[in-house]
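next input, structure requested:
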Amino acid sequence: MKIIQNPHDRVFKVAMSQSAVAKAFFEAHLPPNIIANANWQTLELCAGSFISEELQQHSSDILYRLQIADEETYLYTLVEHQSQADELMPFRLLEYMVKIWRQFISQQKTLKLPTIYPLIYYNGKQSPYPHSTALFDGFANPTSVQQILKQPFQLIDLTQIPDDALKQHKLAAALELIQKHIWDRDIGLLLNAMLNEKLWQKMLNEAPEHQGSQYLNALLYYAVEIGEMQDPDLFFKNLVVAAPNDKYRGEIMTIAEQFKQIGRNEGLHKGMLLAAEKLFKNGHGLKYVADITGLPESQLVQIQMGITPRS
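Numbering: from 1, shown residues only. Next up, the predicted model:
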């Protein structure tokens, strides 16, 4: 006799692909309130599997869509035919449900998620099924996790926290203040105010030196690269004076010099764009202008067409 590969998967999929079989299956196993409110005329098989490749040797699944109490609902059945039952089955089931929701979002382009009713269909060698089917039983502290997941996730909305409150957050204060104000017209106003209130000095004194250096570098690069600063030279000069030791002073001066070089490069690039525009107006060709300015031809073609190229 020829050995059928994944016979359990094959017979279940073939049988449950028949809507009459699926209806009988669900009517036999779903709770009475769901059965009573189901519109069985809308029962529809959904394509695809949500099980990862490495687990498809001993698991299969099938997804149906059904109107229940005028609400689009999904019936997801996970079939387990492995000889050893999986203790983390509820966690895996949750992973597959999330995949279904993700697919729904991508197809329907809506963030209002439908209800998914999950079922686990088991015909393994161990009898009865030896593990809990409750998700929270898989955690070391089920009560704590259940309380966390049942309430809204905590939101830290920097835009709604007053600056004076953020300033009390010790080493985290600098990060939170800068990220709150990164879109200000002049981030330098905040950075200098932090200097005047000795927040920079406090931060550098409180942090372990190695961590303080990484933290300082990350904050400064973020502030000068993303934010708009009207007078960066003044800020860096004042920050060098406020630094608690030569190591910090050296790092600040290095960042300041790099920032100046970025500014010079940007200024040079803008100058070349203006020169290219003038050369075109004087009748010079693309190759000549490219040789003179060193700009890529893609940008020069845009100038010729009257489009400002991206810097």
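
center of this protein, which residue is that?
Arg102 (13.3 Å; C-alpha atoms, centre = their mean).

in the helix or strand that one falls within, which residues are buried?
Taking DSSP states H and E as the definition, Arg102 sits inside helix 89-108. Buried residues in helix 89-108, counting neighbours by 16 or more other C-beta atoms under 10 Å, are found at 89-90, 92-93, 96-97, 99-100, 104. No exception for glycine: its C-beta is placed from N, CA and C like everyone else's.

between those, which is closest to Ile156?
Comparing the buried residues of helix 89-108 against Ile156 with C-beta to C-beta places Met97 closest, at 27.6 Å.

is it true that the closest one touches Ile116?
Yes: using C-beta atoms under 8 Å, Met97 is in contact with Ile116, at 5.1 Å.

shared neighbours, these two?
Residues within reach of Met97 and of Ile116 at once, by C-beta atoms under 8 Å, 6 or more residues apart in numbering, are Tyr76.

and the average pLDDT for stretch 279-297 is what?
Stretch 279-297 comes out with an average pLDDT of 76.

buried residues in that stretch?
For stretch 279-297, the buried set under the neighbour-count rule, 16+ other C-beta under 10 Å, comprises 279-280, 289-290, 293, 295.

mean confidence score for stretch 205-224?
For stretch 205-224, mean pLDDT is 85.

all helices for this structure, in order.
Assigned by DSSP state H, the helices in the chain fall at 7-16, 19-29, 32-37, 89-108, 142-150, 163-166, 172-181, 187-196, 199-206, 209-226, 232-242, 246-281, 286-293, 297-304.

can you dump the C-alpha atoms of the fifth one in CSV for me?
Once non-C-alpha atoms are left out, helix 142-150 reads as follows in CSV (Å, rounded to 0.1, in the frame of the first residue of the first chain):
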residue,chain,number,x,y,z
PRO,A,142,-1.5,34.0,34.7
THR,A,143,-3.3,36.5,37.0
SER,A,144,-0.9,39.3,36.3
VAL,A,145,-0.8,38.7,32.5
GLN,A,146,-4.6,38.5,32.4
GLN,A,147,-5.0,41.8,34.1
ILE,A,148,-2.5,43.4,31.7
LEU,A,149,-4.1,42.1,28.5
LYS,A,150,-7.7,42.8,29.6
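
rewinding a little: in CSV, list the buried residues of helix 89-108 along with distance to Ser144.
Below are these laid out as CSV (distance: C-beta to C-beta, whole Å):
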residue, distance to Ser144
Met89, 21
Pro90, 17
Arg92, 22
Leu93, 21
Tyr96, 25
Met97, 22
Lys99, 26
Ile100, 27
Phe104, 30
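
neighbours around Ile62, how many?
Ile62: 22 surrounding residues under other C-beta atoms under 10 Å.

list the residues that contact it.
Ile62 touches 12-13, 16-17, 22, 45, 76-77, 79, counting by C-beta under 8 Å, 6+ apart.

from these, which is closest to Met229?
Tyr76 (52.9 Å).

break the chain down into its structural domains.
Listed by automatic domain parsing, the domain ranges of the chain are 7-149, 158-304.

lowest-confidence stretch among these?
Lowest mean pLDDT within these: domain 158-304, a mean of 83.

start to end distance for that one?
One end of domain 158-304 to the other measures 45 Å (C-alpha to C-alpha, to the nearest Å).

for stretch 51-66, same thing?
Note: stretch 51-66 ends 21 Å apart using C-alpha to C-alpha.

hmm, back to that, columns distance to Ser49 on top of the buried residues of stretch 279-297, output as TSV?
Output for those, formatted as TSV (distance: C-beta to C-beta, whole Å):
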residue	distance to Ser49
Leu279	61
Phe280	58
Val289	57
Ala290	54
Thr293	56
Leu295	52
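
count of neighbours near Leu190?
There are 20 residues near Leu190, going by other C-beta under 10 Å.

which one is it nearest to, not counting chain neighbours?
His181 (4.6 Å; C-beta to C-beta, 6 or more residues apart in numbering).

looking at the helices of the chain, which is nearest to Pro130?
Here helix 89-108 is closest among the helices of the chain (C-beta to C-beta), at 10.5 Å.

what comes into contact with that closest one?
Helix 89-108 has contacts (C-beta under 8 Å, 6+ apart) with 48, 50-51, 55, 61, 63, 74, 76, 78, 80, 86, 111, 113-114, 116, 118, 120, 131-135, 137-138.
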